[in-house]
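Visitor: build me a model from this:
(chains A and B)
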Amino acid sequence: GEDVEQSLFLSVREGDSSVINCTYTDSSSTYLYWYKQEPGAGLQLLTYIFSNMDMKQDQRLTVLLNKKDKHLSLRIADTQTGDSAIYFCAESIGGATNKLIFGTGTLLAVQP
Amino acid sequence: DGGITQSPKYLFRKEGQNVTLSCEQNLNHDAMYWYRQDPGQGLRLIYYSQIVNDFQKGDIAEGYSVSREKKESFPLTVTSAQKNPTAFYLCASTRTAGGQVETQYFGPGTRLLVL
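Guide: Numbers count the residues shown, from 1 in each chain, chains lettered A, B, ... in the order given. You can find the predicted model right below:
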């Protein structure tokens, strides 16, 4: 079945790098996404990676995909207090619905 | 500015009452989605619509109903049959529904509380 797992909590100091990890089970995933949710708000798309890619870099964000291990990570360089939020990974299995399977979310707390 | 709006931001429901959550988009997107978010959990799909006048059940459709009479609007009704409606409800849309993977864009959400 489809399942996406993340660790619940990560705490880092301002200026350090953050690495948020995600594992998924559906090998037919076409795109994998990272969304950010600030308190009481909707989800903001941060970045995404196509399943035939290993890495994607976008400014402070680096996404690594290990398709063999079904492991996805999001690295945030020079983490700032404004990065404190819940981060969701999601896999899209494509097809006719563009259905997304979301992980449980990782709460990133950035200490000043 | 193009985007997705949801209203109200907070909604209170009395026992046995039906309530309707609004979702509007001016992105000219074909497909729209409703998700429910509970504390400490990921998003779960309630209903989705790939085109006007058509919609399908998601993973947790029981106790909910939708309509898609206009491309830009996809209201969700939480009926009295939904026994645990307290949650954060998120609406999303994509440019097209199928054939290729499209990124989903989300509204700001509506928090529903039962009195």
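Visitor: report whether the helix or strand hosting B:Leu90 contacts chain A.
Guide: Here B:Leu90 sits within strand B:87-94, counting by DSSP states H and E. Yes - contact of strand B:87-94 with chain A (Cβ under 8 Å from any Cβ of the partner chain) involves B:Leu90, B:Ala92, B:Thr94. Every C-beta, even on glycine, is put in place using the N, C-alpha and C of the backbone.
Visitor: repeat that for stretch B:42-50.
Guide: Yes - using Cβ under 8 Å from any Cβ, stretch B:42-50 reaches chain A at B:Gly42, B:Leu43, B:Arg44, B:Leu45, B:Tyr48, B:Gln50.
Visitor: the nearest residue to B:Gln41 once chain neighbours are set aside: neighbouring residues, count only.
Guide: Leaving aside its sequence neighbours, B:Gln41 sits nearest to A:Thr104 (Cβ to Cβ, 6 or more residues apart in numbering or on different chains; 5.8 Å). Look at A:Thr104: counted by other Cβ atoms under 10 Å in any protein chain shown, it has 17 neighbours.
Visitor: likewise for A:Leu10?
Guide: Quick note: A:Leu10 (other Cβ under 10 Å) scores 17 neighbours.
Visitor: equivalent analysis for A:Glu14, please.
Guide: 14.
Visitor: please render the residues of stretch B:42-50 next to chain A as TSV that adds secondary structure and distance to A:Ala77 to the earlier fields.
Guide: Output for the residues of stretch B:42-50 next to chain A, formatted as TSV (DSSP: H, G, I helix; E, B strand; the rest coil; distance: Cβ to Cβ, whole Å):
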residue	secondary structure	distance to A:Ala77
B:Gly42	coil	26
B:Leu43	strand	27
B:Arg44	strand	32
B:Leu45	strand	33
B:Tyr48	strand	35
B:Gln50	strand	38
